[in-house]
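S.K.: From the sequence below, what's the structure:
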Amino acid sequence: MSQAQTTPNPPQAAVQTPAVTPATLNGPIEMDNKDQKSFERWRKTLSLITGIGLSPEEFQAEVEKADRKTCEFQKEQLIKNSPGVRFMMNNLIKAGCPLTKNMFECTPCDRTRSGGFSKDHGIMLCQNGFFSKKHQEHTMIHEMIHMYDHCVFNVDWGNLRHHACSEVRAAALSGDCNWTREVRRGFYTFTKQHQECVKRRAILSVEANPNCPSRAAAERAVNAVFESCYNDTRPFDEFY
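M.R.: From the prediction side, this is the model:
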């Protein structure tokens, strides 16, 4: 039998690969508008994280801008979705002291503060003082309790006992002294921890009152009103 004849395949043409030259590597990269915007966001983020390419003033301005953006965003979310914030806003309106979102002002503060209330200017939120959204929520409720007390009880903020009572109520009712917050601060006692936290934080606040001559005076003011003010949960039915 004769063997089958096989026909060899024709040789294939070699694939031509474009030559890579220094001009190819170093030439301009064309970016569309979307890519350019993405690159700028990346560059600004990198500069903000590392500080490279920014003067100290520019870096601080960028940090403040980012802090304010976060504070404003979380403020809007809490006004819409936080049961505690919405409850206090509704009760302020019922008490005849309407509160709008514009009365919450996000602003830079020293690192020892997270917020403040002024009868003339409303509520200050320290945009660089929050370590979480929950912290900002507690601060908003805390300051609204001060506003509620001012509207309903006609607080004289120069009177240390008046001030102490509002600080006791705000610390007790806002969530500022819940167990997780206390653990974060390094306090682990379980027995009467809530009361001890409220008293401690109220004393610190009263001590900062310009009319307070000493820590001892702050302690006396808080101790004098503590029992009655701690148990006054208005407008809540119980501790938040």
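
S.K.: rest of the way, CA atoms for contacts and neighbours
M.R.: Will do.

S.K.: where along this protein do the strands fall?
M.R.: With DSSP state E, the ranges of strands along the chain come out as 104-107, 115-118, 122-126.

S.K.: Can I get the first one as PDB, trimmed to CA atoms?
M.R.: Listed next in PDB are the C-alpha coordinates belonging to strand 104-107 (Å, rounded to 0.1, in the frame of the first residue of the first chain):
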ATOM      1  CA  PHE A 104     -26.600  74.300  63.100                       C
ATOM      2  CA  GLU A 105     -23.400  75.900  62.000                       C
ATOM      3  CA  CYS A 106     -20.400  73.700  61.100                       C
ATOM      4  CA  THR A 107     -17.200  75.500  62.100                       C
END
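
S.K.: need the longest helix for the chain.
M.R.: helix 56-81 (DSSP state H).

S.K.: by contact count, what packs against it?
M.R.: Judged by 3 or more C-alpha pairs under 8 Å, 6 or more residues apart in numbering; DSSP states H and E, the packing partners of helix 56-81 are helix 33-50, helix 83-94, strand 104-107, helix 133-153.

S.K.: in it, what counts as buried?
M.R.: 59, 62, 64, 67-68, 70-72, 74-75, 78-79 (16 or more other C-alpha atoms under 10 Å).

S.K.: worst average pLDDT in the helices and strands packed on helix 56-81?
M.R.: Between the helices and strands packed on helix 56-81, the one with the least mean pLDDT is helix 33-50; it has a mean of 60.

S.K.: what domains does the record give for this protein?
M.R.: 52-154, 156-240 (automatic domain parsing).

S.K.: now the first one: how far from the chain's centre is it?
M.R.: Computed by C-alpha atoms, centre = their mean, to the nearest Å, the separation of domain 52-154 from the middle of its chain amounts to 8 Å.

S.K.: Over to stretch 213-221?
M.R.: 30 Å.

S.K.: ok, now stretch 210-219?
M.R.: Taking C-alpha atoms, centre = their mean, one finds stretch 210-219 lying 29 Å from the centre of the chain it belongs to.

S.K.: repeat for stretch 160-168
M.R.: 25 Å.

S.K.: Any idea how many residues pack against His146?
M.R.: Residues near His146, counting by other C-alpha atoms under 10 Å, number 23.

S.K.: Nothing else from me, thank you.
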